[in-house]
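In: structure for the following, please:
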Amino acid sequence: MKYLTLLISLIIIPLEGFSQIGINTDNITSSNILLHIDPAKDNAASGTPTTAQTKEDIVIDKSGNLGVGTSTPTVKLDIVTAGTSASPVKGFSIRDGYQADKYVLTSDNSGTAYWQVYVPGTEKGVMGSGINISNTYTNYVNTNTKISLYPGKWVVFVSLNILGNGTNPDFSWMNFGFADASTLASLTLSADEQGTISAALFNDIKASPGSSVNGKIFITNKSSGKKDYYLLAGKVVRNATSPNSATFQAVGSTGNLYAFRVNDITPP
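Out: Numbers count the residues shown, from 1 in each chain. Next comes the predicted model:
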């Protein structure tokens with residue numbers, strides 16, 4: 001039995017003594033390093049290797065950190081290429097099938113990363129020619145103004161300047177919303193839209209140079225690509241007791257549309 005114990009001890013002691021592994025180097029400078037690979041076999045035989053000597057080295061430490069180009073990794077994957085701001089050196093590449101020119105690396109909720117087209121956090125609308133709308137118009141009409149949005153949820157801020165051609169004071173309520181390609185033909189609001197904007201417009205060209213419309217609408221693009229949303233206006237409700245026919249001029253031609261992303265896009 002004592003011979004068996006001695007044999008086991010002789011086996012275990014060498015294993016404990018060689019718990020650090022060096023490949024192409026015997027100079028492992030830190031007790032925290034478990035594995036040190038020197039591909040170029042250019043590290044000094046003693047002392048601390050220089051930055052130039054470790055630029056291609058690979059190290060795994062006791063915390064499970066992997067260092068490439070460094071013998072002192074501080075995170076799970078630490079890549080140092082010895083590049084500088086004046087002379088950068090690339091050190092990272094993932095070719096998973098999603099890669100394409102100008103794509104960015106994004107992740108889902110679990111942290112799984114993939115390449116994807118850059119999706120900005122803001123978008124600006126394009127003001128169109130606008131359209132004249134009577135203060136008795138009870139349907140929606142396309143103002144020829146649109147904003148294009150990538151997949152995801154957006155808050156769209158609408159700011160419009162509207163002139164009237166009336167000769168007598170007259171208040172009217174006008175409603176605004178957005179239609180996508182599938183709803184534009186019927187001039188109904190897009191199912192992607194949450195909420196509408198209503199504004200009280202003063203129609204008296206002598207007393208007032210015009211009215212303003214300001215508000216926000218949430219739009220969720222659930223499709224797989226960028227989508228156009230056209231600004232609709234109409235559904236006018238007059239607040240006058242007697243008829244006073246007037247027209248609001250070039251609605252949608254002057255002002256601004258801005259959209260801000262309020263969530264991430266859906267991963268592929």
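In: quick one, helices of the stretch 101-250 of the chain?
Out: Listed in chain order, the helices of the stretch 101-250 of the chain (DSSP state H, counting those that start in this stretch) span 181-184.
In: shaky segments in it?
Out: For the stretch 101-250 of the chain, applying pLDDT under 70 flags the ranges 166, 204-209, 240-244.
In: now with 90?
Out: When residues are selected by pLDDT under 90, those of the stretch 101-250 of the chain lie in 101-121, 134-136, 151-152, 162-172, 199-212, 224-225, 237-249.
In: okay, strands next: where are they in it?
Out: For the stretch 101-250 of the chain, applying DSSP state E, counting those that start in this stretch gives strands covering 103-107, 113-117, 122-124, 131-134, 140-149, 152-164, 171-179, 193-194, 197-202, 211-221, 227-238, 247-251.
In: how far off centre is the first one?
Out: The reference is to strand 103-107. The chain centre lies 9 Å from the centre of strand 103-107; the measure is CA atoms, centre = their mean, to the nearest Å.
In: middle-most residue in the protein, spatially?
Out: The centre of the chain sits closest to Val119, judged by CA atoms, centre = their mean, with a distance of 4.6 Å.
In: can you redo the strands of the stretch 101-250 of the chain as TSV with distance to Gly64 and mean neighbour count?
Out: Placement of C-beta: from N, CA and C, glycine included. Below are those laid out as TSV (distance: least, CB to CB, whole Å; neighbours: other CB atoms under 10 Å):
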stretch	distance to Gly64	mean neighbour count
strand 103-107	21	13
strand 113-117	19	15
strand 122-124	40	13
strand 131-134	64	18
strand 140-149	42	20
strand 152-164	35	20
strand 171-179	51	21
strand 193-194	46	16
strand 197-202	54	18
strand 211-221	41	17
strand 227-238	44	21
strand 247-251	63	21
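In: can you put those in JSON lines and add distance to Thr70?
Out: Below are those laid out as JSON lines (distance: least, CB to CB, whole Å):
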{"stretch": "strand 103-107", "distance to Thr70": "22"}
{"stretch": "strand 113-117", "distance to Thr70": "22"}
{"stretch": "strand 122-124", "distance to Thr70": "38"}
{"stretch": "strand 131-134", "distance to Thr70": "63"}
{"stretch": "strand 140-149", "distance to Thr70": "43"}
{"stretch": "strand 152-164", "distance to Thr70": "38"}
{"stretch": "strand 171-179", "distance to Thr70": "52"}
{"stretch": "strand 193-194", "distance to Thr70": "50"}
{"stretch": "strand 197-202", "distance to Thr70": "56"}
{"stretch": "strand 211-221", "distance to Thr70": "43"}
{"stretch": "strand 227-238", "distance to Thr70": "45"}
{"stretch": "strand 247-251", "distance to Thr70": "62"}
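In: so how many other residues sit close to the residue nearest to the residue nearest to the centre of the chain when sequence neighbours are not counted?
Out: Among residues not flanking Val119 along the chain, Tyr150 sits closest, at 4.7 Å (CB to CB, 6 or more residues apart in numbering). Using other CB atoms under 10 Å, Tyr150 has 19 other residues around it.
In: surely Tyr150 meets Asn221?
Out: Yes. Using CB atoms under 8 Å, Tyr150 is in contact with Asn221, at 6.7 Å.
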